[in-house]
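using only what follows, build the 3D model:
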Amino acid sequence: MKTSLAFLVFSVTAFFSPLRAQASSKVKDGGPLPMFKLKNLLWLNLDLMNDLENYIKALDAKMKIIKEALFDMSSYHIKYEHAKESIIDSPVGSFSLIHHMQSDWTHWLVFLQEETGQDEMDSLLSKIRYLPTEQDVSSACQGISRITNAYDLSPEKISRGSFLGVQSKSLLSPRDFLQLADYSMANKDFEKSEQWLQVAISLLENPSYQKRILPLFRLNVVDLYLKLSEVYVKKQMWPRALEIVETALKFQTRNAALLQMQEHLSYQILLNPPSNATHNLRNGKHPLRRNGSLHCFYQHRGGFPSLFSTTLKAEILLVDPLTVFYHETPK
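Prediction:
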């Protein structure tokens with residue numbers, strides 16, 4: 001939450017600084033959030049943090065009661081560890097045991113089923129309507145996009161917090177860069193979407209950065225690789241998209257989405273080969289030849305749950321439906 005707010009403050013503040021005189025008209029047109037709303041968001045963030053802290057305190061108080069009760073019950077059993085029959089033989093001991101089992105544990109079950117921290121949770125839920133909307137996030141993305149275009153800033157510089165020679169204390173997270181990539185892709189700016197995704201991937205693959213990512217908000221780098229391959233597909237860069245997919249398959253060899261994309265790209269390269277006669281597949285040079293309606297290529301099947309585990313000679317006989325003839329298949 002703090003990172004998202006920092007992202008909004010940084011983007012909108014930077015966007016409005018040179019255009020402060022036009023702020024009112026931008027707001028009317030559904031532009032970025034005005035400064036007073038951003039300040040309210042910062043105060044809201046503090047309120048939410050306090051509610052969350054109070055919720056933790058309520059859980060801790062309940063946990064403390066449980067631990068103290070467990071200690072008392074354990075002490076009781078330790079006391080009579082070697083004389084359990086004395087409890088059964090004694091009328092007083094028998095009564096105490098029966099009453100404890102019937103009454104105490106009934107109350108314990110009621111206590112454990114109580115919704116701890118409900119007041120704090122209600123307070124959190126009551127503030128949801130004040131959180132930024134998807135339109136607000138889109139406006140913030142638009143502000144960042146305008147900044148990078150107007151001042152020719154690269155996503156790499158933004159990731160380092162460098163803005164017009166000034167080092168910002170607010171750094172964006174991989175999730176922020178993913179949001180910017182999605183925004184750019186939705187606006188068909190595939191070049192910028194590619195750059196945002198590359199920055200996000202580089203951060204996720206940086207071991208020193210991994211330590212600062214909360215498990216709740218951790219992204220899967222494989223998902224970003226897949227999204228990056230989709231960007232290259234939009235740019236019709238089939239070999240590059242395939243390289244990205246095969247890099248991701250090193251992390252998850254049986255990822256169904258990656259395997260499906262790999263198969264799709266392999267056939268796409270076959271039917272619509274690049275201008276050069278040779279391209280890189282699986283880190284090796286594999287020729288792709290065209291002779292009229294005849295297409296021949298070498299296909300790897302090692303990444304698929306298939307009987308084929310070697311490089312195969314494949315020849316397309318029919319495009320629709322796709323019919324492939326494999327030469328010299330292993331016996």
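
make it CA atoms for all contacts and neighbour counts henceforth
Noted.

which residues of the stretch 151-300 of the chain fall in strands?
Applying DSSP state E, counting those that start in this stretch to the stretch 151-300 of the chain gives strands spanning 162-163, 166-167, 278-281, 284-287, 289-291, 294-300.

the closest residue to Tyr209 other than its chain neighbours: neighbour count?
The shortest distance from Tyr209 to any residue other than its chain neighbours is 6.4 Å, reached at Leu203 (CA to CA, 6 or more residues apart in numbering). By other CA atoms under 10 Å, the residues close to Leu203 number 18.

then Asp136?
Burial of Asp136 is recorded as 16 neighbouring residues (other CA under 10 Å).

and for the one 4 residues further on?
The burial metric for Ala140, expressed as a neighbour count using other CA under 10 Å, is 24.

ok, now the one 3 residues further on?
Around Gly143 there are 22 other residues, counting by other CA under 10 Å.

equivalent analysis for Met73, please.
Using other CA under 10 Å: Met73 sits among 12 other residues.

from Leu197, how far out is it?
Separation of Met73 from Leu197 (CA to CA, to the nearest Å): 56 Å.

let me know the helix or strand that the residue nearest to Ser94 when sequence neighbours are not counted is in.
Residue nearest to Ser94 in three dimensions, not counting chain neighbours: Ile88, with 5.3 Å by CA to CA, 6+ apart. Assigned by DSSP states H and E, Ile88 belongs to helix 84-89.

pop out the phi and psi values for Ala150.
phi -70, psi -40 (degrees, to the nearest 10).

what's the spacing between it and Asn187?
As for Ala150, its distance to Asn187 is 17 Å (criterion: CA to CA).

repeat that for Leu44.
In terms of CA to CA, Leu44 sits 31 Å off from Asn187.

which pLDDT value belongs to the residue nearest to Met261 when sequence neighbours are not counted?
Nearest non-adjacent residue to Met261, counting by CA to CA, 6+ apart: Val245, 7.3 Å away. pLDDT, Val245: 93.

what's the answer for the one 10 residues further on, then?
We note a pLDDT of 91 for Asn255 in this prediction.

identify the residue nearest it in space, chain neighbours excluded?
Nearest non-adjacent residue to Asn255, counting by CA to CA, 6+ apart: Leu249, 7.2 Å away.

show me where the chain dips below the pLDDT cut-off.
Low-confidence regions of the chain, defined by pLDDT under 70, span residues 1-33, 210-217, 272-314, 316-322, 328-331.

ok so, going back, can you get me a residue count around the residue nearest to Asn255?
Around Leu249 there are 20 residues (other CA under 10 Å).

could you do Ile78 as well?
The burial count for Ile78: 12, using other CA under 10 Å.

which strand or helix spans it?
For Ile78, the element it lies in under DSSP H and E is helix 35-79.

now do that helix: distance to the chain's middle.
Centroid separation for helix 35-79 versus its chain: 27 Å, with CA atoms, centre = their mean, to the nearest Å.
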